[in-house]
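# Predicted structure and sequence below. I'll ask about it afterward.
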Amino acid sequence: MNTKKIKINEIFYSLQGEGIDAGLPTIFIRLTGCNLRCNYCDTRYAFYEGKYMAIDEILESIKKWNSRRVCITGGEPLLQKNVYGLIEKLLEKGYEISVETNGSISIMKLSKMDVKIKMDIKLPSSGMHDKMLFGNISLLRGDDELKFIIWNRDDYKYAKDIIARYKPRCQIIMQPVWGSKIKLAEWILKDELDARYSIQLHKILWGNERGR
């Protein structure tokens with residue numbers, strides 16, 4: 001039996017709300033803990049709340065759903081070293097895995113695994129933009145995602161500069177901060193930017209209800 005433990009905030013089954021996989025039924029494993037404190041964070045409950053679970057216990061808990069898609073999220077899942085053991089076990093079981101990470105921790109090890117990386121680059125409105133490891137961008141592969149969460153025009157310009165400078169080869173996602181009134185769609189079209197406009201589908205469907 002695998003006795004390695006991970007602090008888990010919640011495990012639930014829902015629709016993926018963001019990015020390229022939006023709308024697809026997915027099992028979410030949310031890990032506890034985050035090293036950033038973004039101004040607009042909507043999962044502050046994941047900073048500390050949770051319980052330790054063995055990897056085998058996690059695998060057993062998700063068997064009740066038929067979905068083969070698993071999204072490992074947070075918080076910041078890469079803070080817990082045992083997350084890589086969890087990923088390996090999920091891959092052995094035939095799950096299709098995505099990992100959401102905040103751009104401040106090296107993805108070198110993750111980029112060598114058969115997972116889809118969904119990585120943020122934080123922008124000035126987050127208050128965390130100086131914590132980013134821009135070298136991560138070169139590690140993102142074609143099917144991975146680089147996401148920019150945008151609050152205002154300055155954020156948008158900052159994101160465009162990053163794209164021009166680092167020329168990511170992955171899928172680029174631009175998403176307005178929930179509740180903002182910016183004209184992001186118009187900006188993307190005017191600049192003919194090769195980016196996918198994303199909304200938080202789960203919030204449209206269920207608001208801020210947890211486990212959704």
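On my side now, so go ahead.
# May I ask you to name the longest strand in the protein?
strand 5-15 (DSSP state E).
# Just the residues contacting that one, thanks.
The contact list for strand 5-15 (C-beta atoms under 8 Å, 6 or more residues apart in numbering) reads 22-33, 45-46, 49-55, 58, 61-62, 65, 67, 74-75, 80, 82-83, 86, 201-202, 205, 210-212. Using the backbone N, CA and C atoms, a C-beta is placed for each residue, glycine as well.
# where along the chain do the strands fall?
5-15, 25-31, 51-54, 69-73, 96-101, 116-120, 145-150, 171-176, 196-197.
# so which of those strands comes closest to Tyr158?
Nearest of the strands of the chain to Tyr158, taken as C-beta to C-beta: strand 145-150 at 8.3 Å.
# just to revisit the earlier point, quick check on the contacts of strand 5-15: which are buried?
22, 26-33, 46, 50, 53-55, 58, 62, 74-75, 80, 82-83, 86, 201-202 (16 or more other C-beta atoms under 10 Å).
# Need the per-residue pLDDT for the nearest residue to Ile121 once chain neighbours are set aside.
In space, and not counting its chain neighbours, Ile121 is closest to Gly103: 4.9 Å by C-beta to C-beta, 6 or more residues apart in numbering. In this model, Gly103 is scored at 97, pLDDT.
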